[in-house]
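1. I'll drop the sequence and a predicted model, then ask my questions.
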Amino acid sequence: MNSGKIFILVGLALLALGLVLSFAPGLLSWFGRLPGDIRIDGPHHRIYIPITSMIVVSLVLTLLVNLFLRR
């Protein structure tokens, strides 16, 4: 698969994600609030470390890349 096709697929995926987030904002409301995501609120600062959410993103991207780039 050449780089032009990869850019087109990535663009279409981003477009689909943008449409989902625009027209169905409650669909991904759970993302960022998973058990294991660390949120620390102080009087003058806010710290957010999305450990579990990034593991989910990594697994999904790994599955997608393996499905589309497998020969």
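-> Cool, got the structure.
2. mind giving me the domain ranges of this structure?
-> Listed by automatic domain parsing, the domain ranges of the chain are 1-30, 34-71.
3. next one: the last one to chain centre, how far?
-> Centroid separation between domain 34-71 and its chain, computed with Cα atoms, centre = their mean, to the nearest Å, is 7 Å.
4. CA atoms of the worst-scoring helix or strand of the chain on mean pLDDT as CSV?
-> In the chain, the helix or strand scored least confidently by mean pLDDT, DSSP states H and E is helix 3-23, which has a mean of 86. This file holds the C-alpha atoms of helix 3-23, laid out as CSV (Å, rounded to 0.1, in the frame of the first residue of the first chain):
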residue,chain,number,x,y,z
SER,A,3,1.6,6.4,1.1
GLY,A,4,-1.2,8.2,-0.9
LYS,A,5,-3.7,5.5,0.0
ILE,A,6,-2.6,5.6,3.6
PHE,A,7,-3.2,9.3,3.8
ILE,A,8,-6.6,8.9,2.2
LEU,A,9,-7.6,6.2,4.7
VAL,A,10,-6.3,8.3,7.7
GLY,A,11,-8.2,11.3,6.4
LEU,A,12,-11.4,9.4,6.0
ALA,A,13,-11.0,7.9,9.5
LEU,A,14,-10.5,11.4,11.0
LEU,A,15,-13.5,12.7,9.0
ALA,A,16,-15.7,9.9,10.4
LEU,A,17,-14.5,10.5,13.9
GLY,A,18,-15.2,14.3,13.6
LEU,A,19,-18.7,13.6,12.3
VAL,A,20,-19.4,11.2,15.2
LEU,A,21,-18.1,13.7,17.8
SER,A,22,-20.1,16.5,16.2
PHE,A,23,-23.4,14.8,15.8
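5. I'd like to check what contacts it. Which residues are they?
-> Leu27, Leu28, Phe68 (Cβ atoms under 8 Å, 6 or more residues apart in numbering). For the C-beta atoms, the positions are set from N, CA and C on the backbone; glycine is no exception.
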